[in-house]
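Chemist: Provided below are the primary sequence and the corresponding predicted coordinates.
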Amino acid sequence: MSTVDLQSGQPKSDLARRLHSHVAYLASPELKGRKPGTPGNRKAAEYIAAEFRKAGLEPLASLGGYTQAVAPSIGDNIMGMRGQSAQASPLWIVIGAHFDHLGDSYLGADDNAAAVGILIETARLSVALRHHPVLFVAFNSEEAPYMRTQLMGSQYFADHMPRELGSLSHLQAVVVMDLVGGMHWEPLRETVFAAGAEMTPGLYRRVNEASARAPGSPAAHHGELVIRPVGLHLVEEIPLVGRVPFSDYDAFRNAGVPFVFLSAGRTPRYHQPTDLVGTLHYERMASTVRWLHALATLIDEDTTPYRFDKNRIEFQDEVETFRPLVARAADEATMIPGTSALSLWKMRQDLDWIQRLKVSSPGSEDIRRLERLSIRMQCLLANFSGCFLI
């Protein structure tokens, strides 16, 4: 069975050690899980604002600082900008991640201190771009009961855009990160999935270019990092349930704003007290910082607003992303830890299907089956029960 040596994910480079330091504070017992409205959440917000200040980000004058108050019972979104434009209504790039978690003994290292660390270090590495100002945002109140409500930090931001940005139409692209530090299965050691960009051809092209993608290959390499494109429908479409949004990208997708959602996916530590500082892959996180810097630089070359099509998919790339992963998951020697005999049998059926699939002319049933395959793999990676039923 293919398992992951967590010790090999410990920080070695200076950047990885800085990331570890951010996570160690944000996911410390002192902050007690950063639940919205608690002292720990406020301390996290103060820490992020201080780090934005040290990184040289400028506060938004319309806010009078780095904070956007969501509600007294919740706390603030934290944001800072890099670069200004002489244009009256410039197109902005937004890079964001939520910083709240469940509270008490749920400390949330992967969910979502890891992404906030990446956000801070990307801000520190950033420079003023030629065409687009960049806004770095740490969203509050992403977790239940705020998800998909007007008090979700990202939704509040979308509904109350700071004066400097004007309106959602002034967002060229939004990058949202969630669960980017965890690892559970060896074949995904260096992988981060990129979802949602397929709805925006111009952004999808830049995501691939930032990854130095080899011609004809869906696995895009940037140093140690592997960026794998995956359609958002493969993440959200739950059998017998329908579409279920999972993170802050939802506010922007619903408004037709081009976005890309970065995630390494759930692990068995998701929403558990075991989601701790020592379980993350800090060198992969460091590679993600460098990749984000490259992506923002490429997006800056595009001065015409991107075109957004919520129904657009890249089926061939999706299939090529999953084929090698299904082959590993269907092999008893490399299967996802915890796979039952029934789930292994189902994965072998999926492997037979995906190897025979003609990607040039997919039907609606092909798309639905790939969605079920994707959800089954996510279920296995998170060690949920009953994965063979999907």
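Modeler: Arrived safely, thanks for sending.
Chemist: so where do the helices sit in the stretch 151-300 of the chain?
Modeler: 153-159, 201-210, 232-236, 249-254, 282-299 (DSSP state H, counting those that start in this stretch).
Chemist: and the shortest one, what's buried?
Modeler: Think helix 232-236. 232-236 (16 or more other CB atoms under 10 Å). For the C-beta atoms, the positions are set from N, CA and C on the backbone; glycine is no exception.
Chemist: Serialize the helices of the stretch 151-300 of the chain to TSV and add fields for mean pLDDT.
Modeler: As requested, these are exported to TSV (pLDDT from 0 to 100):
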stretch	mean pLDDT
helix 153-159	98
helix 201-210	97
helix 232-236	95
helix 249-254	98
helix 282-299	96
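Chemist: please produce CSV containing those, extended by distance to Ile120.
Modeler: Formatted as CSV, those follow (distance: least, CB to CB, whole Å):
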stretch, distance to Ile120
helix 153-159, 17
helix 201-210, 20
helix 232-236, 26
helix 249-254, 20
helix 282-299, 9
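Chemist: of all those, which one is nearest Gly386?
Modeler: The minimum distance between Gly386 and those falls on helix 232-236, with 18.9 Å, by CB to CB.
Chemist: OK, contacts around the residue nearest to Asp300 when sequence neighbours are not counted?
Modeler: Distances taken as CB to CB, 6 or more residues apart in numbering put Leu129 closest to Asp300, at 4.1 Å, once the chain neighbours are dropped. Shown in contact with Leu129 (CB atoms under 8 Å, 6 or more residues apart in numbering): 82-83, 93, 296-297, 300.
Chemist: now swap in Glu198 and tell me
Modeler: Going by CB under 8 Å, 6+ apart, Glu198 touches 204, 229, 231-232, 312-314, 317.
Chemist: looking at those, which is nearest Lys35?
Modeler: Leu232 (27.8 Å).
Chemist: which stretch among the helices of the stretch 151-300 of the chain comes nearest Thr191?
Modeler: Evaluated over the helices of the stretch 151-300 of the chain, closeness to Thr191 peaks at helix 282-299, with 8.2 Å, by CB to CB.
Chemist: report the buried residues of the closest one.
Modeler: For helix 282-299, by 16+ other CB under 10 Å, it's 282-293, 295-296, 298-299.
Chemist: ditto for stretch 80-96
Modeler: Result for stretch 80-96 [16+ other CB under 10 Å]: buried residues 80-83, 85, 90-96.
Chemist: how about stretch 35-52?
Modeler: Under 16+ other CB under 10 Å, the buried positions of stretch 35-52 are 35-38, 40-41, 43-45, 47-49, 51-52.
Chemist: average pLDDT for it?
Modeler: Per-region confidence: stretch 35-52 scores 98 on mean pLDDT.
Chemist: show me the contact partners of that stretch.
Modeler: Counting by CB under 8 Å, 6+ apart, 22, 25-26, 30-34, 65-67, 73-76, 78-80, 99-104, 116, 120, 123-124, 136, 138, 140-141, 143, 146 sit against stretch 35-52.
Chemist: quick revisit: on the three-state scheme, the residue nearest to Asp300 is what?
Modeler: Under DSSP: H, G, I helix; E, B strand; the rest coil, Leu129 falls in the coil class.
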